[in-house]
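K.L.:
Please find the sequence and the predicted model below.
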Amino acid sequence: MDEPYENEWNEEAIMNLVKTVTKSCEVSGEELHVMLNLRSQKRLDFILIDIREMFEYSESSIKGTDMLLPTSTIHLHMDELKKLSSKLLIFYCHTAGRTAQMIFILRRMGFLNIAHLSGGIAKYHGEKLKNAPLPKNIRF
């Protein structure tokens, strides 16, 4: 993927991207790639959460993942998610099936700043890691 041009992503363009993502509750692989680049430049803040199980994360993960929050235990960490709800939370799984259900549930619970990766990690063409160290914010 091409790196975004610096002048292409002014504050207004970044805000429009975030509004589009939160309104649709979905982020494309290309959008996530851009967002990760903007975050590395400290121009955008969000939390990228993998909701797959630990063995899936170990096989392949998106570089820049902040948290591993497996669906098998996510119900134990709803208070923590609520504390993070002022930030944009982007969830991903393998093909987006689990995250689509998660987004539906979280929306009904009042979460507004949420989205999931369309097509999951399987359709993501940005940088992935094999055997990545577990994020420091792992939750079981």
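P.N.:
Thanks, I have the structure now.
K.L.:
what's the closest non-adjacent residue to residue 24?
P.N.:
Leaving out its chain neighbours, the residue that sits closest to residue 24 by C-beta to C-beta, 6 or more residues apart in numbering is residue 115, at 7.3 Å. From N, CA and C alone the C-beta is placed, and that goes for glycine too.
K.L.:
Relative to residue 120, how far out is the residue at minimal distance from the centre of the chain?
P.N.:
In the chain, the C-alpha closest to the average C-alpha coordinate belongs to residue 90, at a distance of 2.7 Å (C-alpha atoms, centre = their mean). Taking C-beta to C-beta, to the nearest Å as the measure, residue 90 falls 12 Å from residue 120.
K.L.:
Over to residue 97?
P.N.:
Noted for residue 97: a distance of 8 Å to residue 120, by C-beta to C-beta.
K.L.:
cool, and residue 134?
P.N.:
Relative to residue 120, and taking C-beta to C-beta, residue 134 is found at 19 Å.
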